[in-house]
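# got a predicted model here, sequence first, then my questions.
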2 protein chains.
Amino acid sequence: MSTGTNDTTGYTVTPIAFTDAEFDRITFNGDGLVGAIVQDASDSAVLMFAWMNSESLRRTLDTGRTWFWSRSRQEYWCKGETSGDRQYVRSVHYDCDGDALLIEVDQEGAGACHTGHRTCFYRSFGDTTSDR
Amino acid sequence: MSTGTNDTTGYTVTPIAFTDAEFDRITFNGDGLVGAIVQDASDSAVLMFAWMNSESLRRTLDTGRTWFWSRSRQEYWCKGETSGDRQYVRSVHYDCDGDALLIEVDQEGAGACHTGHRTCFYRSFGDTTSDR
């Protein structure tokens, strides 16, 4: 895929060019993983947190879609391929230690959470109105 | 500390009431830790990512300040106690799997990052203007 192409849903798919030097700044943990925070580019809502290994980070940058590594299933997953709730990457930030990622996306569909909520963080401590 | 008290900086310190049932929804990993995303309540900027164990999460809820567990130093740290860049907790969310936290804070001082940047995520892939 190249910059500016659209998939069938009309979202713009934008791969991110990067250098090996940039990639080398990422520190993967003992399991070869780095945590990825996904934030909605439209209003900065935090949507979800999941894990990437080196290959899923490369796929994310190369394809402009979010790719994660499922620790439970031991497989790659491209967010939304099953549900249709795809994420189109707008930027990929990394923190001062290089051991966390912040990915800004355009979120397609109802949201990021498999429960049907827009964000996985739909509950909060002490909030008796929180959805249980 | 109790709700509504101010510390010397004028920020309101607000402990969060919670139930054991809520606390039990949090899943700590094999090292006894859960990842915590810290977000600025004023504009939703993601400021940092760090780790909490059970006791640091309890302290965070009880004191209304962010407490983390330093894996490298093997000790608790209350954000800003040394730097002055304290975080005053406004809400603590947890995700659908209970294995990630999202903490909304009022950030005091220059910001959250030890480098002097407001956010730890000040660099992004492919951004040649990123501060190196």
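Sure thing, it's come through.
# sec struct for A:A36, please.
strand (DSSP: H, G, I helix; E, B strand; the rest coil).
# now the helix or strand where A:Q39 lies: average pLDDT?
Assessed by DSSP states H and E, A:Q39 sits inside strand A:33-40. The average pLDDT within strand A:33-40 is 98.
# ok, now how distant is the residue lying closest to A:S54 once chain neighbours are set aside from B:G10?
The spatially closest residue to A:S54, leaving aside those adjacent along the chain, is A:F28, at 6.2 Å (Cβ to Cβ, 6 or more residues apart in numbering or on different chains). Glycine gets a C-beta too; all of them are placed from N, C-alpha and C. For A:F28, the distance to B:G10 equals 41 Å [Cβ to Cβ, to the nearest Å].
# so the two - more neighbours on which side?
Between A:F28 and B:G10, counted using other Cβ atoms under 10 Å in any protein chain shown, the more crowded position is A:F28 (15 against 7).
# quick one, phi/psi of that one?
The phi/psi pair for A:F28 (degrees, to the nearest 10) reads phi -90, psi 150.
# and what of A:G126?
Dihedral angles of A:G126 (phi, psi; degrees, to the nearest 10) stand at phi 80, psi 0.
# one more: A:T63?
Main-chain torsions, A:T63, degrees, to the nearest 10: phi -100, psi -20.
# that one against A:I16, yeah?
No - look at A:T63 against A:I16 with Cβ atoms under 8 Å: they stay out of range, at 9.6 Å.
# so how many other residues sit close to A:A41?
A count of neighbours around A:A41, defined by other Cβ under 10 Å, yields 16.
# what residues does it make contact with?
Contacts for A:A41 were tallied using Cβ atoms under 8 Å, 6 or more residues apart in numbering or on different chains; they are A:R90, A:S91, A:E104, A:V105, A:D106.
# just the buried residues out of these, in ChimeraX syntax.
Per 16 or more other Cβ atoms under 10 Å in any protein chain shown, the buried members of those correspond to this ChimeraX selection:
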select /A:90,91,104,105
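# also near chain B: which of the contacts of A:A41, exactly?
A:S91 (Cβ under 8 Å from any Cβ of the partner chain).
# which one of the contacts of A:A41 sits closest to A:F49?
Nearest to A:F49 out of these is A:V105 (Cβ to Cβ; 13.1 Å).
# SS state for that closest one?
A:V105 ends up strand, using three-state DSSP.
# mind listing what it touches?
Residues in contact with A:V105 (Cβ under 8 Å, 6+ apart) are A:V38, A:Q39, A:D40, A:A41, A:L47, A:T66, A:Q87, A:Y88, A:V89, A:R90.
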